[in-house]
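**Student:** how would this look folded up:
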Amino acid sequence: MTHTVEEIAKALAAKAVGALSLQIIAPAEPQDATADQLALAMDPKYADALTAGQAKAAVLWDGADWQALGLEAAIFVPRPRYALAGINRIFDTPPMVAGIHPSSVIEADAEIGPNAAIGPFVYIGHGVKIGANARILSHCSISEHALIGDNSLLHSGTRIGARVRIGNDFISQPNADIGSDGFSFVTPQPGAIEEARQMTQVTAQDNPAEFTRINSLGTVIIGDRVEVGANTTIDRGTISDTVIGDGTKIDNLVQIGHNCRIGKNCLLCGQVGLAGSVMMGDGVILAGQVGVADHITIGNNVVVAAASAVLSNVPSNRTMMGTPAVKMETNVENYKAIRRLPRLFQKVDNLQKLVSIKATTE
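**Tutor:** Residues are numbered from 1 along each chain as shown. Reported below is the predicted structural model:
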């Protein structure tokens, strides 16, 4: 499907000039763009690449001289990355699924909303409620009494556990698992875990006690406009529920433990791991491979740098870095100090030698 320059600009609420009726088949990198593609050159550094391509139309930075760049039409955007989201939405190809595939298994008491589409080899359990316009791709399973809102998209292999409640406009990438049992075990008598928490030596035991499972009776509650990445797992609560707030986006390979409560509009990047009962405010950003210890509270608008380990509570509006995570400026000073240590040791060694020499000559 093609779109005119005018249609694209209107969808972006952006200013357009030149030949607005030009037909565009897709966006492209500026150096690779053909005459019927829209070059994405939203920064002056792409000017040379733009002239190397064949594009007649481009998305440009504010103030660009589009005619000097040899273009016939241009769209101007103030925030390039935000504009990219709109452009890719215009040209995106939705998953090919329609109707209810005959190989799917839907229990008789499940409720399927209007215009919902269900792909092959899907299982929908007893008492499940699926909202309007939902798209459920192949090999998904939705366990008993789960609730999924309107306009949801479940990619292949998604697993939704029993009694999970999900809001509207939800997206799960392939093999996301929502509502599995939490990792909760206990020994009959206090053991190595309790000793380690007290920072004491672990008592040697020839026959350590076997761990007993604590079943998870809670579930997972997810708000509106939440996205969950591929192979991400969200555990159900032990007694209370695990909760994900509206607008939160979760990347691939993220682990969210039982009883966690994540606020609105948070961003959890790849390989983040939250232990059980983490409490997180709104607008929190955890970069890749951040680990958060159990029962930690993180305030609103906190940013944690990649590969950090959050081992203590974090107040709102703070940027954290390191292992253990501290304020970013503190971590930077600590790193500088560590790099200076070899020189410091050399100075101390030289001073010791001088003192030793002086002592032997007196």
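
**Student:** Tell me which stretches of this protein form helices.
**Tutor:** With DSSP state H as the criterion, the chain has helices at 5-12, 47-52, 80-91, 192-197, 328-361.

**Student:** Now do the longest one, average pLDDT.
**Tutor:** pLDDT averaged over helix 328-361 equals 87, rounded to a whole number.

**Student:** Please parse the chain into its domains.
**Tutor:** Per automatic domain parsing, the structural domains of the chain span 3-91, 234-362.

**Student:** Can you check the distance spanned by the first one, start to finish?
**Tutor:** Pointing back at domain 3-91 there. In domain 3-91, first residue to last residue: 9 Å (Cα to Cα, to the nearest Å).

**Student:** Report the mean per-residue pLDDT for that domain.
**Tutor:** Domain 3-91 comes out at a mean pLDDT of 95.

**Student:** can you put the domains of the chain in JSON lines and add distance to residue 155 and mean neighbour count?
**Tutor:** Bear in mind the C-beta positions are built from the backbone N, C-alpha and C, glycine included. Output for the domains of the chain, formatted as JSON lines (distance: least, Cβ to Cβ, whole Å; neighbours: other Cβ atoms under 10 Å):
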{"stretch": "domain 3-91", "distance to residue 155": "17", "mean neighbour count": "17"}
{"stretch": "domain 234-362", "distance to residue 155": "12", "mean neighbour count": "17"}
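
**Student:** how about CSV for those domains, with distance to residue 131 added?
**Tutor:** Output for the domains of the chain, formatted as CSV (distance: least, Cβ to Cβ, whole Å):
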stretch, distance to residue 131
domain 3-91, 21
domain 234-362, 16
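
**Student:** So for residue 136, which of those sits nearest?
**Tutor:** domain 234-362 (18.0 Å; Cβ to Cβ).

**Student:** Report the distance from the closest one to the chain centre.
**Tutor:** From the chain centre to the centre of domain 234-362 is a distance of 17 Å (Cα atoms, centre = their mean, to the nearest Å).

**Student:** Please apply the same query to stretch 216-226.
**Tutor:** 16 Å.

**Student:** now do stretch 98-105
**Tutor:** Chain-centre distance of stretch 98-105: 30 Å, with Cα atoms, centre = their mean.
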